[in-house]
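S.K.: Got a sequence here, can you build the structure:
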Amino acid sequence: MTLIETLGGVEGVRRIVESFYPKVLKDPLIGPLFPEDIDPVMDKQTLFLTQFFGGEPLYTEQYGHPRMRARHMHVEITNDHAAAWLRCMDQALAENVPDEALREMIMERLSGSAYFFVNA
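M.R.: Numbers count the residues shown, from 1 in each chain. Modelled structure (predicted):
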C-alpha cells in the first residue's frame, strides 16, 4: 500500500489540510503570513500534498511544476516559521492519522521540505 493510499487518498489528505489550517491561522508567528480567505490555500495544499505523498500529480497538472521554494520567496521564512508550521502539521496529523510510526515518517519527510523554505 502506498503512502497516499494509507492516508485515505485525496479525501484523507483533505481532512489533514482542514485540520491543519485552523491551527496555522491561530498561530501568532505564521498565521499573519496567510490570507484571510484560506480556502484557495487549502485547495492548493490538498493538491500538493496528494502529489507529495505519492498520489496523482494534481498540483502539477493544474499549476505546473511546484517550485515551492521559489513560490514562497516573497515571504520571509525563518527556522522559527518552519518549526511553527511543523508543529501545526504534527497536531493535524495526530488528529487524523492514528498510526504513530506513520505520523513520524510523514513528519520526517515534511521537515526537510519545511526547512528548505527557510530564506531568512
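S.K.: From here on, just use CA atoms for contacts and neighbour counts.
M.R.: Noted.
S.K.: how much space is there between Gln91 and Tyr21?
M.R.: 11 Å (C-alpha to C-alpha, to the nearest Å).
S.K.: Same check on Phe117?
M.R.: From Phe117 to Tyr21 the distance is 18 Å (C-alpha to C-alpha).
S.K.: coming back round to it: ok, Gln91 and Tyr21, which is more surrounded?
M.R.: Set Gln91 next to Tyr21 and count neighbours by other C-alpha atoms under 10 Å: Tyr21 wins out with 22 against 14.
S.K.: The residue lying closest to the more buried one once chain neighbours are set aside: what's it in contact with?
M.R.: The shortest distance from Tyr21 to any non-neighbouring residue, by C-alpha to C-alpha, 6 or more residues apart in numbering, is to Met42 (7.3 Å). Counting by C-alpha atoms under 8 Å, 6 or more residues apart in numbering, Met42 makes contact with 17-18, 21.
S.K.: Also Leu58?
M.R.: 47-48, 50-51 are the contacts of Leu58 under C-alpha under 8 Å, 6+ apart.
S.K.: Tell me which of the residues you listed fall in helices.
M.R.: Those of the contacts of Leu58 mapping onto helices are 47-48, 50-51, per DSSP state H.
S.K.: quick check, nearest of these to Glu100?
M.R.: Ranked by distance to Glu100 (C-alpha to C-alpha), these are led by Thr50 at 19.8 Å.
S.K.: Please name the nearest non-neighbouring residue to that closest one.
M.R.: Among residues not flanking Thr50 along the chain, Val10 sits closest, at 5.9 Å (C-alpha to C-alpha, 6+ apart).
S.K.: what does His81 give?
M.R.: The shortest distance from His81 to any non-neighbouring residue, by C-alpha to C-alpha, 6+ apart, is to Ile30 (6.1 Å).
S.K.: Just give me the neighbour total for that neighbour.
M.R.: Neighbour tally, Ile30, other C-alpha under 10 Å: 19.
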